[in-house]
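# Based on what follows, work out the 3D shape:
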Amino acid sequence: MSAAATEPELIEVLAQHRIDASAVAAWLRPRLDAAFDGRVQLRQFQGGQSNPTYHLATNVGAWVLRKKPPGQLLPSAHAVEREFKVMRALEGSAVPVPRMLDLCEDAGVIGTPFFVMQHVPGRLMGTRFAQHGTLAERHAINDDLIRVLAELHRVDWRAAGLESFGRPERYFERQMARWGAQWEGSRTEAAPAMESLRAWLQQNLPREERATIVHGDYRLGNVLVHPTEPRLVAVLDWELATIGHPFSDLAYLCVGHHLPPEEGGFVGLDLGAQGVPSQAACVARYCQIAGCEEPADFDRYVAFSMFRLAAICAGVYKRALDGNAADQRALGFRERYLSIAQAGWSLAQQGAAPH
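Here you go, the predicted model:
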């Protein structure tokens, strides 16, 4: 990320992610305006470590194509079908999402399933909370980030047609099984902090049962901010979305309060000068909007989020070793997952006491 807010960066399509533009155009033809002339200019979005994402320039507007990566994939990973389903369900809600064009589940078209959505102009403003613009702009963007999350958790997921999108019961237990398996499938070396954090969590998981739509990777880096105004215009990257406990999203948003600046966090920084709300302020503001009580053991949710994030980063690093990563910088994720695991284990060793 550059030192200032920016439009998402477009690059030439990476060799390992090349797709047939003529096949894309043929698929688009019956789905776009009759004025579509059949020409598509393909470029790839830089950044993002999971599903390759492409900008499609046509004479009838700009679109975005998101597909599964090539190669051997872990079970249930890279679920573009689920991304499409949840974003379509949220259209017209208080949660800003792009308009979905269509989903293609036929891997024969470009090699993997994919979906296409409308391109939304907007700015990338940072990784976890806004640290660009004036102090007033940062406060407004960060507050809107929390507001939109609370609005997401207020959506009636059954009425939105997501009854089969996830199982609401035993969320954290099932998540630990999933991310434990992800870690085992991605492990390339000994990582004592990761193993210690996993063992601690298995004995100290939150037991409260609540069920909402959860994004799974909710942070500033996965939203677009209006080109000129301090408000969110699109929440993106829904591949980890499911039905689960809303505090898992809130805790994940607050992971940066426990990570150093080189990992996108704020440890050691003056939060007031940065315009970043404290963890306590985030929780209080969220609960005010969501209409719920503040949790007494919130750091327990944060420790879980750090294990999960470390497992995700370990998977990115493994894909880089295998040559399937969506970003050329993925080899640097070795140090990232080890650092996050150590920070999570340090939090657990403190007893995950609320602060």
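
# mind giving me the domain split of the protein?
Following automatic domain parsing, one finds the domains of the chain at 10-118, 135-349.

# got the end-to-end distance for the first one?
Same thing as domain 10-118. 16 Å (C-alpha to C-alpha, to the nearest Å).

# do stretch 6-18 as well
For stretch 6-18, by C-alpha to C-alpha, the gap between its terminal residues amounts to 25 Å.

# And that stretch, what's buried?
8, 13, 17 (16 or more other C-beta atoms under 10 Å). In this view, the C-beta of every residue, glycine as well, is placed from N, C-alpha and C.

# Turn the residues you listed into TSV, including pLDDT and distance to Gly61.
Below are those laid out as TSV (pLDDT from 0 to 100; distance: C-beta to C-beta, whole Å):
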residue	pLDDT	distance to Gly61
Pro8	85	17
Val13	93	20
His17	90	23
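
# quick one, which of the domains of the chain is nearest to Leu124?
domain 135-349 (7.0 Å; C-beta to C-beta).

# from the middle of its chain, how far away would that closest one be?
8 Å (C-alpha atoms, centre = their mean, to the nearest Å).

# Now do the SS call for the residue lying closest to Pro295 once chain neighbours are set aside.
Closest residue in space to Pro295, ignoring its immediate chain neighbours: Phe247 at 6.0 Å, by C-beta to C-beta, 6 or more residues apart in numbering. The three-state assignment at Phe247 reads helix, by DSSP: H, G, I helix; E, B strand; the rest coil.

# Adjust the sequence numbering to begin at 726 for everything that follows.
Understood, numbering begins at 726; the last thing we discussed is Phe972.

# isn't Phe972 right next to Pro931, touching?
Yes: counting by C-beta atoms under 8 Å, Pro931 is a contact partner of Phe972 at 7.3 Å.

# The two: which is more packed in?
Per other C-beta atoms under 10 Å, whichever of Phe972 and Pro931 has more neighbours is Phe972, with 31 against 22.

# So Trp1070 versus Asn947, what's the distance?
From Trp1070 over to Asn947 the distance is 25 Å, taken as C-beta to C-beta, to the nearest Å.

# Kindly report the same for Asp762.
33 Å.

# before we move on, what about Phe890?
19 Å.

# Then Ala748?
28 Å.
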